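Visitor: I would like to see how this sequence folds:
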Amino acid sequence: MSSQDSFRADALRYHSQPRPGKVEVEPTKSCATQGDLSLAYTPGVAEPVRAIHADPPTAYDYTSRANLVGVITNGTAVLGLGDVGPLAAKPVMEGKAVLFKRFAHIDVFDLEVSAEDPDTFIDTVARLEPTFGGINLEDIAAPHCFRIEEELKARMDIPVFHDDQHGTAIIIAAGLINALELQGKDIATTRIVCIGAGSAGIATLRLLLALGARRENLLLADQHGVVHAGREADMDRYKAEFAADTPARTLEDALTGADVVIGVSVGGVLQPRHIEALAPRPIVFALANPDPEILPEEARAVRDDLIMATGRSDYPNQVNNVLGFPFIFRGALDIRAREINTEMQLAAARALAALAREPVPDEVAQAYDVDRLTFGPDYFIPKPLDPRLIQWVPPAVARAATETGAATVAVPESTEYAAQLEGLLDRSMLVMRKVMRRAHRAPKRVVYPEGENRTILRAADAVREDGLAVPVLVGRERIIRERLAEEGVAAEGLEIIDPAGFAGIEDYIADLHTLRGRKGMSLRDARRAMRIDPFRFAAMMMRRGDADALVGGVENHYATLLRPSLQIIPHRRVFGMHMLFVGERIYFLGDTTVNIDPSAEELARMAVEAEGLVRHLGMEPRIAMLSFSNFGTSRSPRAQKVRDAVALLHEEHPDMEVEGEMQADAAVEPDLLAGLFPFSKLSRGANVLLFPDLDAGNAAYKLLMHLGRAQAVGPILVGMEKPVQIVEWGASATDVVNMSAFAVQEAQQATGENAK
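Guide: Residues are numbered from 1 along each chain as shown. I've put the predicted structure just below:
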């Protein structure tokens, strides 16, 4: 099978396992006792019912409506797939729900309505108003999408927003504000050509008029040519709104002398001759996906004075709707807006434009694998993973809503609102993206001792396709090739090593015997180990420099892979850490996998290693040394061990932010810590939790994963001189890919390749 077939299989597997779909509903209140039940339902639920009946706006106080958006479609224009119907559109709507939640902490019900008739769709959606705080219309074909949104906005007293129209238009407007500044042009005198007369094109021209463009300077083109006065072919009242009194009829006519080209059409429609015909210092937004109207390298080959944006993440200046809709709805919901009007859209665009002109934090630049991002031709639109977005866009939208009368409650006080928004940040995406980008920068040879395992094969395929590493599969070559074929994974780019036929096996055997001969291993044992034990073989590859990193553990117990690695690869004090994403927070837990009962000195050494790991990932470590006691409340030797470790750290590393011994609740709740122990060195709640023994660490992370629904990356093995990462038995292909990226960046760090 081709790589495309393999990607298709991975996509279907992603959406179906371990449970179908991408979203679920979780209760926000306890319902564990009879008392809880009586409050959650009858008779307690009657009280908010009465309150809402008497005063309808209190629904925002007593229900989830204040943070609930309906993502609604009829499936008539799904991505680039066209009219696939509402049922087939559901995966896309669930995906939109994930983006709302991950970027702005907004809950979503996705609704796929079987109604191609606009009137039926309008009536259905309008009747849902009591459920939602806002409506995001999605993937509805033009021209019906215009009328649907217009009538729903007129009938409903909550925001109705068609993202395919306004989301795209807002990001285009933000980019154009900055592009015009860079090119020294004024929007009032700029000639703009929009290619594509669908929902995004029409909405973009409307918003640019509100931004200050002149109607006489706008031309709209579609597959039939320029939309001009008197044209009859393929016209409707929405296109007619931009029918120009012009002699231009063809795209080439329209583009001659134009300052700005905005493409929201199809790939390849622009040719080099079109770019040559533009005015001096032109601006080209080629936004068709996955293939732009013209590739940046093709455009720059004929013009060195242009600046560009595309819809793709692998080129500078990506016009991506995720820069807009989560944060626009966040601001609208927080002031209970009746609508998202033009002024609110302009406020979002201007906030995005202003953010791009601000100094960019290192963590954002590092996440995109660049030394720095500076406002200019290659950076005039913010990056989607910029954590500042949620603090810039919602307040601007909320202020505009208040100024235009769309808000029904006051804008939150600015300092309080900023703190509230910062608390919603999801830094997990930024952290993992940073790890992936670093790995991609200088791929290394990663050896997988479980090369016959199907999960490993899928992971190796993803690692190769993403350019994270050069995968080396250890196992029986015949079996590996058969399973690659069964999984639809191409063998090209995957190195397969069968120990039975490996040319350097005798050297491996001799090295292992030299290393372990005085520890009970005979030459015969060494020969057997190298030929039939893939873990020892892979570890020897690492020792001899034939591989840069080792990843495994999918079908074996942790110790099965750890033991030969410790026997063969040099190491310091080794311990395991898990990175846990708990809601919007990131915690590092150690030791969760290796040391049964570490001494005070060993605990102190772990703290130093953990601080280095967390700092390398771009975060400020705040370390809590955990115990069952708080600052001397117990004289137990187990508590004393933790106190001694902290004393060592305070003496030898006075600048380290570390505290203990302390209980877990005090460590993670800053108010509790400040109230009970104001002398603590922790400036805020701890993000690194070190446990006094393996029992506590292992139990804690597993409880958080399975009961607290935390997402985990790890275990991350710390202390090996060469990167070895051991996933847990039964790990998914995604887990293996994540740990491969960690291993690669460790290998880079060892050679000084990812110091930033």
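Visitor: Can I get the helix or strand V49 falls within in PDB, CA atoms only?
Guide: According to DSSP states H and E, V49 maps onto helix 46-54. What follows is helix 46-54, C-alpha atoms only, in PDB (Å, rounded to 0.1, in the frame of the first residue of the first chain):
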ATOM      1  CA  ALA A  46     -36.500  22.500  40.700                       C
ATOM      2  CA  GLU A  47     -34.800  25.600  42.300                       C
ATOM      3  CA  PRO A  48     -32.800  26.700  39.200                       C
ATOM      4  CA  VAL A  49     -35.900  25.900  37.100                       C
ATOM      5  CA  ARG A  50     -37.900  28.300  39.100                       C
ATOM      6  CA  ALA A  51     -35.200  30.900  39.100                       C
ATOM      7  CA  ILE A  52     -34.800  30.700  35.300                       C
ATOM      8  CA  HIS A  53     -38.500  30.800  34.700                       C
ATOM      9  CA  ALA A  54     -38.700  34.000  36.800                       C
END
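Visitor: Show me the contact partners of that helix.
Guide: With Cβ atoms under 8 Å, 6 or more residues apart in numbering as the test, helix 46-54 has contacts from T58, A59, D61, Y62, T63. Backbone N, C-alpha and C define where each C-beta goes, glycine included.
Visitor: where does the stretch 551-700 of the chain have low pLDDT?
Guide: Judged against pLDDT under 70, the low-scoring parts of the stretch 551-700 of the chain cover residues 583-584.
Visitor: Count the residues that sit near the closest residue to G134 other than its chain neighbours.
Guide: Distance criterion Cβ to Cβ, 6 or more residues apart in numbering; nearest residue to G134, sequence neighbours excluded, is P159 at 4.1 Å. Using other Cβ atoms under 10 Å, P159 has 25 other residues around it.
Visitor: re the thing from before, tell me the buried residues within the contacts of helix 46-54.
Guide: A59 (16 or more other Cβ atoms under 10 Å).
Visitor: Distance to T633 and pLDDT added to the contacts of helix 46-54, as JSON lines?
Guide: Formatted as JSON lines, the contacts of helix 46-54 follow (distance: Cβ to Cβ, whole Å; pLDDT from 0 to 100):
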{"residue": "T58", "distance to T633": "45", "pLDDT": "93"}
{"residue": "A59", "distance to T633": "47", "pLDDT": "93"}
{"residue": "D61", "distance to T633": "41", "pLDDT": "92"}
{"residue": "Y62", "distance to T633": "41", "pLDDT": "93"}
{"residue": "T63", "distance to T633": "43", "pLDDT": "94"}
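Visitor: Show only the entries of the contacts of helix 46-54 found in strands.
Guide: With strands identified by DSSP state E, none of the entries of the contacts of helix 46-54 belong to them.
Visitor: In TSV: the contacts of helix 46-54, plus distance to G198.
Guide: Compiled in TSV, those are given as follows (distance: Cβ to Cβ, whole Å):
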residue	distance to G198
T58	41
A59	36
D61	40
Y62	41
T63	36
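Visitor: which one of the contacts of helix 46-54 sits closest to A88?
Guide: Within the contacts of helix 46-54, proximity to A88 (Cβ to Cβ) peaks at T63, which comes in at 31.3 Å.
Visitor: Spatially nearest residue to the closest one (excluding sequence neighbours)?
Guide: Nearest in space to T63, with sequence neighbours left out and distances taken as Cβ to Cβ, 6+ apart, is P48 at 7.3 Å.
Visitor: how much space between that neighbour and R191?
Guide: 57 Å (Cβ to Cβ, to the nearest Å).
Visitor: okay, these two: which has more neighbours?
Guide: Between P48 and R191, counted using other Cβ under 10 Å, R191 has the larger neighbour count: 22 against 14.
Visitor: Where does the record place the domain boundaries for this protein?
Guide: Here the domain assignment for the chain is 3-158, 166-314, 322-424, 427-570+721-756, 573-718, based on automatic domain parsing.
Visitor: tell me how far the shortest one is from the chain's mean position?
Guide: Its chain's C-alpha centre and that of domain 322-424 lie 17 Å apart, by Cα atoms, centre = their mean, to the nearest Å.
Visitor: what's the first-to-last distance across that domain?
Guide: For domain 322-424, the first-to-last residue distance is 16 Å (Cα to Cα, to the nearest Å).
Visitor: Strands of the stretch 351-500 of the chain, start to end?
Guide: Assigned by DSSP state E, counting those that start in this stretch, the stretch 351-500 of the chain shows strands spanning 444-448, 469-474, 495-497.
Visitor: okay, those strands in CSV with distance to V718 next?
Guide: Shown next, in CSV, are those (distance: least, Cβ to Cβ, whole Å):
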stretch, distance to V718
strand 444-448, 18
strand 469-474, 20
strand 495-497, 27
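Visitor: mind checking which of the ones you listed is nearest E611?
Guide: Per Cβ to Cβ, nearest to E611 of the strands of the stretch 351-500 of the chain: strand 444-448, 24.7 Å.
Visitor: which neighbours does the closest one have in its sheet, and in what orientation?
Guide: The strands beside strand 444-448 in its sheet (DSSP bridges) come out as strand 469-474 (parallel), strand 549-552 (parallel).
Visitor: so how far is A66 from the closest residue to G451 other than its chain neighbours?
Guide: Spatially, and ignoring its direct neighbours in sequence, G451 is nearest to L473 (3.2 Å; Cβ to Cβ, 6+ apart). Going from L473 to A66 by Cβ to Cβ gives 52 Å.
Visitor: So between the two, which is more surrounded?
Guide: Neighbour count, other Cβ under 10 Å: between L473 and A66, L473 has more, with 27 against 15.
Visitor: need the contact list for the more buried one.
Guide: Each residue near L473 by Cβ under 8 Å, 6+ apart is listed here: Y448, G451, E452, I456, L457, A460, I480, L494, E495, I496, I497.
Visitor: Likewise for L37?
Guide: If you count contacts by Cβ under 8 Å, 6+ apart, L37 has them with C31.
Visitor: ok, Q17 to H224 distance?
Guide: 46 Å.
Visitor: The two: which is more packed in?
Guide: A count of neighbours by other Cβ under 10 Å puts H224 above the other of Q17 and H224, at 13 against 10.
Visitor: Spell out which residues sit in contact with the more buried one, please.
Guide: Contacts of H224 by Cβ under 8 Å, 6+ apart are R231, A233, D234.
Visitor: part of a strand, is H578?
Guide: Yes: assessed by DSSP: H, G, I helix; E, B strand; the rest coil, H578 belongs to a strand.
Visitor: Specify the beta-bridge partners of it.
Guide: L589.
Visitor: same question, D222
Guide: G225.
Visitor: How many neighbouring residues does it have?
Guide: The number of residues packed near D222 is 20, by other Cβ under 10 Å.
Visitor: does it really touch Y238, like I thought?
Guide: No: using Cβ atoms under 8 Å, D222 makes no contact with Y238, being 11.4 Å away.
Visitor: residues shared between the contacts of those two?
Guide: Joint contacts of D222 and Y238 (Cβ under 8 Å, 6+ apart) are A197.
Visitor: Contact partners for the closest residue to P471 other than its chain neighbours?
Guide: Spatial nearest neighbour of P471, excluding adjacent residues (Cβ to Cβ, 6+ apart): A460 at 3.8 Å. Applying Cβ under 8 Å, 6+ apart, we find A460 in contact with Y448, P471, L473, V489, L494.
Visitor: Against E746, how distant is the third one?
Guide: This points to L473. Separation of L473 from E746 (Cβ to Cβ): 20 Å.
Visitor: Next: the last one.
Guide: When Cβ to Cβ is applied, the distance between L494 and E746 equals 22 Å.
Visitor: now swap in V446 and tell me
Guide: 11 Å.
Visitor: Provide a list of residues in contact with M540.
Guide: The neighbours of M540, taking Cβ under 8 Å, 6+ apart as the test, are Y508, D511, L512, M530, I568.
Visitor: what's the next secondary structure element after the helix or strand hosting M625?
Guide: Taking DSSP H and E as the definition, M625 sits inside strand 623-626. Where DSSP H and E defines the elements, the next helix or strand beyond strand 623-626 is helix 637-652.
Visitor: Check which helices and strands that following helix is in contact with.
Guide: The contact analysis (3 or more Cβ pairs under 8 Å, 6 or more residues apart in numbering; DSSP states H and E) places helix 637-652 against helix 600-616, strand 623-626, strand 658-662.
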